[in-house]
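**Q** For reference, the sequence and a predicted model appear below.
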Amino acid sequence: MQKMYRIKLITTVGVLVSCLILLTGCGKPPGTSGPPQMGTPEVAVVTVQTEQATLTTELPGRTSAFRVAEIRPQISGLIQKRLFTEGSDVKAEDVLYQIDPAPFQSALDNAKAALSKAAANLPAIRLRAERYRDLLADKAVSQQDYDDAAAALQQVKAEIEYWKATVETAQINLGYTSIIAPISGRIGISNVTEGALVTAHQPTPLATIQQLDPIYVDVPQSTTELLRLKRRLEEGHLKHDVRNQNKVKLILEDGTKYPLEGTLQFRDVSVDPTTGSVILRVIFPNPKGVLLPGMFVRAIVKEGVNKQALLIPQQAVSRDPKGNPVVLIVNAGGKVEQRMLTLDRAIGDKWIVSAGLTPGERVVVEGLQKVRPGLAVKVVPFNENKTGHVPAATESQPQKRTDGGR
């Protein structure tokens, strides 16, 4: 029994020693305690600097023809021919319609004949009046006879002038039988066909011509925005770029950019009481006819140049629970601080900061999810051109995010 007891005791001691050895092997190295320490968080920052920025406003607008001519007859008559193709381009002085000229030619011939008749009577009546004047001096004719002869002469002269005017009117009316294009442009559908009876100055046009090159774009701008712009110019926050101030760019309905720039012509002086806006009229070249009257477009109007603008990447800006814009900055001591911002507008992928930052401060752009205010961080420059995936984070090299930490 004692022998068996010694064997069990030795076995138990051996098991305990083995367990102790295993526990010792799995333990932490001497001199360590608590969880493993992480490295200092690394963040990418941009240093805020003032730079020149051109401020623009994107406004909705609608195109309208540069010139519009509604074709109406100036005489009444029967349409003999239509001399254009609907939807084609016509030039000024092209004949569009031909009205039956026969009755107008007849009226001209009658007027000419009457003029010739009156002119034929003039020499005889003039000679009679002259003879009576000479005889009146010798008392050979009475004063009444001379007065009648002089009156007849004046009457014949008046008839000649009347028939001259009648001939001229008949010639004008005959010319109106050919209805011509007053301007060059694109003509629309014809509202009449051959054989239609038209009347002078009728309310319904025969057709409409629109000049599309160049073309107008009418853009409404709110008076609130207009007053704000004037105030910023007066206070010196904006400067007029004299060379490019009146240049306007255009975005089409499908989102594509129109390749040619327009020129701002004027701002209307009347405010629309229903919308509280004024109209900006911009003229654009349209050589290929891409812009058609009535199209909705978006115009990018240049307001001015801010030579002291503070720009930061949009990914650096987050929102607090109330929706206010905030950023994290790294102060001179290498610690993170939170700043409330006042933003003006977006330019590309950046925000213009009106208040909250000063030049020289470092704004955190990447690594926002790893830091909080008061934490010491390691700063690296932000690389805007960095693309691709970043390797997984390790203790010695924390992961750098490219999504702005949001």
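**A** Now that the structure is in, tell me what you want to look at.
**Q** so Glu337 sits in a strand?
**A** Yes: under DSSP: H, G, I helix; E, B strand; the rest coil, Glu337 falls within a strand.
**Q** contacting residues around it?
**A** Contact criterion Cβ atoms under 8 Å, 6 or more residues apart in numbering gives 328-331, 373 as the residues in contact with Glu337. Quick note: C-beta positions are derived from backbone N, CA and C, even for glycine.
**Q** Give the PyMOL command for selecting the buried subset of those residues.
**A** Buried subset of the contacts of Glu337, written as a PyMOL selection, criterion 16 or more other Cβ atoms under 10 Å:
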select buried, resi 328+329+330
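**Q** Strands - which of the contacts of Glu337 land there?
**A** The members of the contacts of Glu337 that map onto strands under DSSP state E are 328-330.
**Q** Same list (the residues you listed) but as CSV, adding pLDDT.
**A** Shown next, in CSV, are these (pLDDT from 0 to 100):
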residue, pLDDT
Leu328, 89
Ile329, 87
Val330, 88
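**Q** In a markdown table: these, plus distance to Ile99.
**A** Shown next, in a markdown table, are the ones in strands among the contacts of Glu337 (distance: Cβ to Cβ, whole Å):
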| residue | distance to Ile99 |
| --- | --- |
| Leu328 | 80 |
| Ile329 | 81 |
| Val330 | 84 |
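**Q** Of those residues, which is the nearest to Glu86?
**A** The closest of the ones in strands among the contacts of Glu337 to Glu86 turns out to be Leu328 (Cβ to Cβ; 65.5 Å).
**Q** Secondary structure element holding the residue lying closest to the closest one once chain neighbours are set aside?
**A** Leaving out its chain neighbours, the residue that sits closest to Leu328 by Cβ to Cβ, 6 or more residues apart in numbering is Val364, at 4.2 Å. Following DSSP states H and E, one finds Val364 within strand 362-366.
**Q** Tell me which helix or strand comes right after that strand.
**A** Next element after strand 362-366 (DSSP H and E): strand 378-381.
**Q** what comes up buried for that next one?
**A** Residues of strand 378-381 classed as buried by neighbour count (16+ other Cβ under 10 Å): none.
**Q** Could you do stretch 200-218 as well?
**A** Neighbour count says stretch 200-218 has 205-217 buried, by 16+ other Cβ under 10 Å.
**Q** Mind putting the residues you listed into JSON lines with pLDDT?
**A** Formatted as JSON lines, these follow (pLDDT from 0 to 100):
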{"residue": "Pro205", "pLDDT": "95"}
{"residue": "Leu206", "pLDDT": "95"}
{"residue": "Ala207", "pLDDT": "95"}
{"residue": "Thr208", "pLDDT": "95"}
{"residue": "Ile209", "pLDDT": "95"}
{"residue": "Gln210", "pLDDT": "95"}
{"residue": "Gln211", "pLDDT": "94"}
{"residue": "Leu212", "pLDDT": "93"}
{"residue": "Asp213", "pLDDT": "90"}
{"residue": "Pro214", "pLDDT": "91"}
{"residue": "Ile215", "pLDDT": "94"}
{"residue": "Tyr216", "pLDDT": "94"}
{"residue": "Val217", "pLDDT": "93"}
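**Q** Mind checking which of those residues are in strands?
**A** Per DSSP E, strands hold the following members of the buried residues of stretch 200-218: 207-217.
**Q** Report the residue ranges of every domain in the protein.
**A** Using automatic domain parsing, the domain parsing of the chain gives 42-53+308-381, 55-65+214-306, 73-100+177-204, 102-175.
**Q** And these, which one averages the lowest pLDDT?
**A** Lowest mean pLDDT within those: domain 55-65+214-306, a mean of 82.
**Q** how long is that one from one end to the other?
**A** Using Cα to Cα, to the nearest Å, one end of domain 55-65+214-306 lies 7 Å from the other.
**Q** Give me the contact list for the strand holding Val364.
**A** For strand 362-366, the surrounding residues in contact (Cβ under 8 Å, 6+ apart) are 43-48, 312-313, 315-316, 327-330, 336, 357, 371, 377, 379, 382, 400-402, 404-405.
**Q** can you tell me which residues contact Ser184?
**A** Contacts of Ser184 by Cβ under 8 Å, 6+ apart are 89-92, 209, 211.
**Q** which of the residues you listed lies closest to Gln52?
**A** Checking these against Gln52 by Cβ to Cβ gives Gln211 as the nearest, at 38.9 Å.
**Q** Is it correct that that closest one is in contact with Ser64?
**A** No: between Gln211 and Ser64 there is no contact under Cβ atoms under 8 Å: 10.8 Å.
**Q** For the closest residue to Val278 other than its chain neighbours, the count of nearby residues, please.
**A** Nearest residue to Val278, sequence neighbours excluded (Cβ to Cβ, 6+ apart): Asp268, at 4.8 Å. Neighbour count for Asp268, taken as other Cβ atoms under 10 Å: 14.
**Q** wait, what's in contact with Asp268?
**A** Listed by Cβ under 8 Å, 6+ apart, the contact partners of Asp268 are 278-281.
**Q** how near is it to Lys139?
**A** Asp268 is 80 Å from Lys139, where distance means Cβ to Cβ, to the nearest Å.
**Q** Same check on Leu375?
**A** Taking Cβ to Cβ, one finds Leu375 at 135 Å from Lys139.
**Q** Between these two, which has more neighbouring residues?
**A** Regarding Leu375 and Lys139, a neighbour count based on other Cβ under 10 Å identifies Leu375 as having more, with 15 against 8.
**Q** Tell me the backbone dihedrals of that one, please.
**A** Main-chain torsions, Leu375, degrees, to the nearest 10: phi -90, psi 140.
**Q** so it touches Pro41, yeah?
**A** Yes: checked against Cβ under 8 Å, the pair Leu375 and Pro41 is within contact range at 6.7 Å.
**Q** Show me what Tyr216 bridges to in the sheet.
**A** With DSSP bridges as the criterion, Tyr216 is bridged to Ser64, Ile283.
**Q** Ile279 is in contact with that one, correct?
**A** No: in this structure Tyr216 lies outside contact range of Ile279 using Cβ under 8 Å: 10.2 Å.
**Q** tally of neighbours for Gly87?
**A** Gly87 has 9 nearby residues by other Cβ under 10 Å.
**Q** ugh, wrong one, I meant Arg267
**A** Quick note: Arg267 (other Cβ under 10 Å) scores 12 neighbours.
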